[in-house]
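In: Starting from these lines, generate the structure:
(2 chains)
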There are 2 protein chains.
Amino acid sequence: MSSVKSASAPIYFGSFLVTPQVFHQTPLSFALVNLKPILPGHVLVSPRRVVPRVADLTPAETSDLFLTVRRVGRMVERLYGATSLNIAVQDGVHAGQSVPHVHAHIIPRKPADLDPIDAVYDMLDGDEGDVGKAQREAEAGCAAESERAKNRPRFPVVDNEGRKPRTAEEMKAEAEMLQREMEKEALD
Amino acid sequence: MSSVKSASAPIYFGSFLVTPQVFHQTPLSFALVNLKPILPGHVLVSPRRVVPRVADLTPAETSDLFLTVRRVGRMVERLYGATSLNIAVQDGVHAGQSVPHVHAHIIPRKPADLDPIDAVYDMLDGDEGDVGKAQREAEAGCAAESERAKNRPRFPVVDNEGRKPRTAEEMKAEAEMLQREMEKEALD
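Out: Numbers count the residues shown, from 1 in each chain, chains lettered A, B, ... in the order given. Okay, here's the model as predicted:
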């Protein structure tokens, strides 16, 4: 689990060579700094194997990835004087994933980092969080990606007043249905 | 790892008794349905032990939690005809956590579920994603939580045009600094 960085072992994030951005490696995962961090200390953790979906990971890769998230998160929280962390995986293109390689965002948060009233954008879902766009721009030396970014999926606006909490009976029925579905699920 | 549901073993999500909402249990984790799902199939996965932060989990709890997220995510994606998943942990109150008990949101996503242009709100950061508010309202039988919700942290609005991608040298320097910091980090 020690951090061994070797210039002779290139590391790819999707199709991007990111070796100089990598700051931590485990047998199955690596952590890298961002081209355009949303907030100070915003970093990514990925499996070494280039696969798009969490479901594509083996159990060992899944465990290693999130143990690395936990350890890296603790470090950036301490280092950047934060008090909380946003941890997010856009697992698939329709969840906003911009690079088809599993990656967990870790974003250190603190009380003074935002305006709670006006700050309504999820930057992860916006241009700001598009790590693929940033990497492509860096490699191409240009910024002609705006049309592409406009069409990325985002969280929907929902009329919150119009939605009612579900009843205990509705939730119990759904829980029982899902319990039966879980029993059909392969263990790994 | 089988799903064993027993009425004699009450399950708490923070201070809330959620046994009827639980649809899956492992030795160290459980999965529950939401009172007000953001999208169909939006569920939560928590460790059995009531602790607020991911850093409070043991390595075994961390692995079990995310292996459960992976398995439950695969199930809801299949069951709700989705093609992607948003996986998110608001790890601490300044990241928007509303119940001081670690929980991963799993939100099935598909192409037709949203308008990519106008849908700019991160509902997880809004009222919609406030699982604590929903649970409190359900228990109290009222909806007088609006002031509380207004003051929850959100992602900041950032002038994206004003931010430049960092140079390779800047990123390399940060990566080297973080690599040194990771070496100071305890393994568990």
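
In: Give me the phi and psi for A:Tyr80.
Out: Per-residue torsions, A:Tyr80: phi -100, psi 10 (degrees, to the nearest 10).

In: Could you check what's spatially nearest to it, not counting adjacent residues?
Out: The shortest distance from A:Tyr80 to any non-neighbouring residue, by Cβ to Cβ, 6 or more residues apart in numbering or on different chains, is to A:Gly41 (3.7 Å). Where you see a C-beta, it was placed from the backbone N, CA and C, and this is true even at glycine.

In: Tell me how far the one you found lies from A:Ala82.
Out: 7 Å (Cβ to Cβ, to the nearest Å).

In: These two: which has the busier surroundings?
Out: A:Gly41 (25 against 22; other Cβ atoms under 10 Å in any protein chain shown).

In: Who are the packing partners of the longest strand along chain A?
Out: In chain A, assigned by DSSP state E, the strand with the most residues is strand A:84-91. Packing partners of strand A:84-91 (3 or more Cβ pairs under 8 Å, 6 or more residues apart in numbering or on different chains; DSSP states H and E): helix A:59-79, strand A:104-109, strand B:84-91.

In: What is the second one packed up against?
Out: In terms of contact count using 3+ Cβ pairs under 8 Å, 6+ apart, strand A:104-109 is assigned the packing partners strand A:43-47, helix A:59-79, strand A:84-91.

In: any chance of the ones you listed in TSV, plus mean neighbour count and mean pLDDT?
Out: Formatted as TSV, the helices and strands packed on strand A:104-109 follow (neighbours: other Cβ atoms under 10 Å in any protein chain shown; pLDDT from 0 to 100):
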stretch	mean neighbour count	mean pLDDT
strand A:43-47	25	97
helix A:59-79	22	97
strand A:84-91	27	94
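
In: for these, which one sits closest to A:Ala112?
Out: Across the helices and strands packed on strand A:104-109, A:Ala112 has its closest neighbour in strand A:84-91 (12.2 Å, Cβ to Cβ).

In: how big is the angle separating the closest one from helix B:59-79?
Out: 40 degrees (axes from the mean of the first three to the mean of the last three Cα atoms, to 10 degrees).

In: Residues touching strand A:84-91, excluding its own?
Out: The list of residues contacting strand A:84-91 from outside it, by Cβ atoms under 8 Å, 6 or more residues apart in numbering or on different chains, reads A:53-54, A:69, A:73, A:76-77, A:96-98, A:102-110, A:124, B:54, B:73, B:84-97, B:153, B:155.

In: Quick check: next helix or strand after the helix or strand bottoming out on mean pLDDT in chain A?
Out: Ranked by mean pLDDT, DSSP states H and E, the helix or strand of chain A with the weakest confidence is helix A:146-150, at a mean of 46. Later in the chain than helix A:146-150, the nearest helix or strand by DSSP states H and E is helix A:168-184.

In: How about that next one and chain B, touching?
Out: Yes - part of helix A:168-184 sits near chain B under the criterion Cβ under 8 Å from any Cβ of the partner chain, namely A:168, A:171-172, A:174-179, A:181-184.

In: got a markdown table for these, with neighbour count and pLDDT too?
Out: Formatted as a markdown table, those follow (neighbours: other Cβ under 10 Å; pLDDT from 0 to 100):
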| residue | neighbour count | pLDDT |
| --- | --- | --- |
| A:Ala168 | 12 | 84 |
| A:Met171 | 22 | 87 |
| A:Lys172 | 17 | 85 |
| A:Glu174 | 19 | 86 |
| A:Ala175 | 22 | 89 |
| A:Glu176 | 14 | 90 |
| A:Met177 | 13 | 87 |
| A:Leu178 | 23 | 91 |
| A:Gln179 | 16 | 90 |
| A:Glu181 | 17 | 88 |
| A:Met182 | 21 | 88 |
| A:Glu183 | 11 | 86 |
| A:Lys184 | 9 | 83 |
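
In: of all the residues you listed, which comes closest to A:Val33?
Out: Distances from A:Val33 to the residues of helix A:168-184 next to chain B, taken by Cβ to Cβ, are shortest for A:Met182, at 37.7 Å.

In: which SS state does A:Ile38 fall under?
Out: coil (DSSP: H, G, I helix; E, B strand; the rest coil).

In: wait, it sits on A:Ile107?
Out: Yes - between A:Ile38 and A:Ile107 a contact is recorded at 5.8 Å, counting by Cβ atoms under 8 Å.

In: Neighbour count: those two, which is higher?
Out: A:Ile107 (28 against 22).

In: tell me the contacts of the more buried one?
Out: Per Cβ under 8 Å, 6+ apart, neighbours of A:Ile107: A:Ile38, A:Leu39, A:Gly41, A:His42, A:Leu85, A:Asn86, A:Ile87, A:Ala88, A:Leu124, B:Ala95.
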